[in-house]
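[1] sequence first, then the predicted structure:
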Amino acid sequence: MSRRVVFYQLSSRFLHKGQTPPPDAQQVLYYSLGVGHHVGVIDTFKPILTCAYDSYMAVVAALPEGEARRKLDGVRRFGEISIDSTHTGLLRNALSAARANFDAETEQWSDRLDQALQAIDQEPALNLMVRRQP
């Protein structure tokens, strides 16, 4: 089986049983969501997009030099990256600029990625985890 890249979208967050603060401590709840697993918050992700690793790397190579390219290249360097609301404009602009270099298959999954990035723009609490798989 060839290597692939899987995009996972945050589907829910919940507090581990026994970690929920009392009702009068809502700020603690929001803080807990912000610092995540350190206080018992568990994120659940669902796969929303899978593409061939070689196709993913071709997109990275087609992007203009800069921060967007460096960000997506993190999959090669580290095996995974996280995409949040601070990355959406940057990535959407770079993907749009490189679109003329995409083949039909790459256009299809880059369109799906763009939809996921738009969803983050509409709901900044969402994020994506992108992982390289063997």
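    Structure received.
[2] strands of this protein, residue ranges please.
    For the chain, the strands defined by DSSP state E occupy 4-15, 41-52, 80-83, 128-133.
[3] any idea how far the nearest residue to I48 once chain neighbours are set aside is from A100?
    Of all residues beyond its chain neighbours, the one nearest I48 is Q9 (4.7 Å), with distances taken as C-beta to C-beta, 6 or more residues apart in numbering. Glycine gets a C-beta too; all of them are placed from N, C-alpha and C. Separation of Q9 from A100 (C-beta to C-beta, to the nearest Å): 27 Å.
[4] more neighbours: which of the two?
    Q9 (17 against 8; other C-beta atoms under 10 Å).
[5] show me the contacts for that one.
    By C-beta atoms under 8 Å, 6 or more residues apart in numbering, the residues touching Q9 are 45-46, 48, 116, 119, 126-128.
[6] hey, where'd the helices end up in the protein?
    Taking DSSP state H, the helices of the chain run over residues 26-35, 53-62, 67-72, 74-78, 88-98, 104-122.
[7] coming back round to it: from the contacts of Q9, which two are the most distant?
    Greatest spacing in the contacts of Q9, by C-beta to C-beta: F45 and A119 (13.7 Å).
[8] returning to that earlier point: just the pLDDT for the residue nearest to I48.
    Here, the pLDDT recorded for Q9 equals 90.
[9] was I right about K46 contacting V6?
    No - here K46 lies out of contact with V6, judged by C-beta atoms under 8 Å, at a distance of 10.5 Å.
[10] for this protein, give me the ranges with low pLDDT.
    Scanning the chain for pLDDT under 70 picks out 1, 11-43.
[11] adding distance to P134 as columns, could you present the helices of the chain in CSV?
    Formatted as CSV, the helices of the chain follow (distance: least, C-beta to C-beta, whole Å):
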stretch, distance to P134
helix 26-35, 32
helix 53-62, 9
helix 67-72, 19
helix 74-78, 13
helix 88-98, 25
helix 104-122, 19
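[12] looking at those helices, which is nearest to R132?
    When the helices of the chain are compared by C-beta to C-beta, helix 74-78 sits nearest R132, at 5.1 Å.
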